[in-house]
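>>> take this sequence and fold it.
(6 chains)
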Amino acid sequence: MDFSQFNSAEQAQMTKVIEKKQMQDFLRMYSNLVERCFTSCCNDFTSKALSSKEEQCMINCADKFLKHSERVGARFAEQNAEAMGSPK
Amino acid sequence: MDFSQFNSAEQAQMTKVIEKKQMQDFLRMYSNLVERCFTSCCNDFTSKALSSKEEQCMINCADKFLKHSERVGARFAEQNAEAMGSPK
Amino acid sequence: MDFSQFNSAEQAQMTKVIEKKQMQDFLRMYSNLVERCFTSCCNDFTSKALSSKEEQCMINCADKFLKHSERVGARFAEQNAEAMGSPK
Amino acid sequence: MSFLGRGSSGASGGVNQERMEMAVQELDMVTDVFNRIVNACHNKCISTRYAEGDLNKGESVCIDRCVSKFFEANKKVGERLQSVGANAGQQGGGGLGF
Amino acid sequence: MSFLGRGSSGASGGVNQERMEMAVQELDMVTDVFNRIVNACHNKCISTRYAEGDLNKGESVCIDRCVSKFFEANKKVGERLQSVGANAGQQGGGGLGF
Amino acid sequence: MSFLGRGSSGASGGVNQERMEMAVQELDMVTDVFNRIVNACHNKCISTRYAEGDLNKGESVCIDRCVSKFFEANKKVGERLQSVGANAGQQGGGGLGF
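Purely as a prediction, here's the structure:
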């Protein structure tokens, strides 16, 4: 995104908006991650506690999801930069 | 949630916010329930009317979903109370 | 929806709200359509470019989705008109 | 729109903010229901082979019936919710009691 | 609600708008988590045959365990996120850096 | 960000509220698209066995190609929407005409 044509008052307001959204996005990512990993990892409901196998699966799943998001983010930024460069 | 440190003006505003959210949550739950039960119960599109079998399935599905939500709500409240109790 | 009991100031405000929502809905429909068609059409990740088969699939999927939405919209409007007519 | 039976008692002149909010909420709900029907009936009726971009006859007929059936199903559930707990609306659907 | 460990330092008299916003945000998150548990545990525990409208014994027990397990799983992930990057919150979860 | 081709004609000094709203809307859309790519490419590329926490070689390469392909697919659909109905934006995508 290019906010360079914004004046300083607008940039300040935008910064606040972005900070708030980042917090919301983080929280949504968090609960989305938990739901997704829970769905993949937890299939035994004969017990109410996480088995050590389920626990390891949750941790691997969370780690992998974060790395996946990061990698997608990096590629996304590149693609966007490219898309911005050519047409405009 | 603990709103005890709120002053009365804040509590009043929070009450309004919560009431509005409850209405929205109810409406979302309603349409979510319909979509979910429709997906499970309705599979015959040779007719545009609900068959009596599909109708019974919708009613059972709705009843069950409400009871499920209630039970999850009860356990959720317990878990939350527990989680609030220990760390803080 | 029936906004006939609204006064002119309210109707003007409502028009602005609706216009804004239509833009948002269109954008959400767009990205939803892309995700859905991508999920159905793209299954070969030995290449980073769309194959001509995948491209044709995306176009057919998009066309079909728009026609589907339009048809649902037409039926939806009829059903709503009917539902408004009888009970109230 | 008749998913809800809300009556709105009006004000005259100026913008009644509460009435506006209810209208926006109703608009949001209609849009939400519409999107759910689009989704549900797409899953029920549209083949994901995408060999062509037009709706074929079978798909078109299926969509018409699907929308109709969804409305009926929606109505049944609405009646059920009203009979189960006339005050379910105030209780947030048996969910979280804040 | 303990998904977050936010402390709120107060103001006295009048409405502290920032504090209200944080409370609303927390409320939204609790609701979001609740809805995800309802969804996940419905998928895990409820048979979609819908032969009857009551929860049977097996479903009821499954729900209780499922909610419990979800909380544990949620806690594990929360701990993990904190240890992976103590400042993940400010970075938007390794996602988009605007 | 080029999913939309909106040009913004500015104001000078003070906050142009309309311009802010458009920027926020664009931000929301970029975030939405990003989240959909994360989701779609996770489904396409990541094995749900979770035997380890690192991305293996195959998954990494798959992600790179998947993001690339998603952008191309997105562009194709965008071009299609523009050619099908240049004014689809105003009509809400052939959906609800309020």
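
>>> touching chain E at all, the helix or strand where A:Ile18 lies?
Using DSSP states H and E, A:Ile18 falls within helix A:8-41. Yes: counting by C-beta under 8 Å from any C-beta of the partner chain, chain E is contacted by helix A:8-41 at A:18, A:20, A:22-35, A:37-39, A:41. To be clear about C-beta, it is placed using only N, CA and C from the backbone, and glycine gets the same treatment.

>>> quick one: the residue nearest to the spatial centre of chain D from chain F, how far?
Nearest residue to the geometric centre of chain D (C-alpha atoms, centre = their mean): D:Val33, 3.0 Å. Plainly put, D:Val33 is 10 Å away from chain F if you go by C-beta to the nearest C-beta, to the nearest Å.

>>> now A:Asn43
A:Asn43 is 11 Å from chain F, by C-beta to the nearest C-beta.

>>> next: D:Asn43.
Distance from D:Asn43 to chain F, by C-beta to the nearest C-beta: 16 Å.

>>> residues contacting that residue?
D:Asn43 makes contact with B:Thr39, according to C-beta atoms under 8 Å, 6 or more residues apart in numbering or on different chains.

>>> can you tell me the element it falls in?
helix D:17-45.

>>> same thing with D:Ser60?
Counting by DSSP H and E, D:Ser60 is part of helix D:57-84.

>>> what's the nearest residue in chain A when you look at chain F?
A:Asp63 (3.2 Å; C-beta to the nearest C-beta).

>>> where's that residue relative to chain E, distance?
In terms of C-beta to the nearest C-beta, A:Asp63 sits 7 Å off from chain E.

>>> check contacts around that residue.
E:Arg80, E:Val84, F:Gly53, F:Asp54 are the contacts of A:Asp63 under C-beta under 8 Å, 6+ apart.

>>> tell me the confidence at the residue nearest to the centre of chain D?
At D:Val33, the model reports a pLDDT of 95.

>>> now D:Glu79
So D:Glu79 comes in at 95 (pLDDT).

>>> quick one, what contacts the nearest residue to D:Ser60 once chain neighbours are set aside?
For D:Ser60, ignoring the flanking residues on the chain, the nearest one in space by C-beta to C-beta, 6 or more residues apart in numbering or on different chains is C:Arg71 at 6.6 Å. By C-beta under 8 Å, 6+ apart, C:Arg71 lies in contact with D:Leu55, D:Ser60, D:Ile63, D:Asp64.

>>> give me the pLDDT value at the second one.
pLDDT for D:Ser60: 98.

>>> burial count for it?
Counted by other C-beta atoms under 10 Å in any protein chain shown, the residues lying close to D:Ser60 total 15.

>>> go on, the third one?
Number of residues near D:Ile63 (other C-beta under 10 Å) recorded here: 27.

>>> which helix or strand contains A:Phe76?
helix A:52-85.

>>> name the nearest residue to the residue of chain D found nearest chain C, sequence neighbours excluded.
Closest contact between chain D and chain C, by C-beta to the nearest C-beta, is at D:Gly53 (3.2 Å). Counting by C-beta to C-beta, 6+ apart, D:Gly53 lies nearest to C:Asp63, which is 3.2 Å off, once chain neighbours are set aside.
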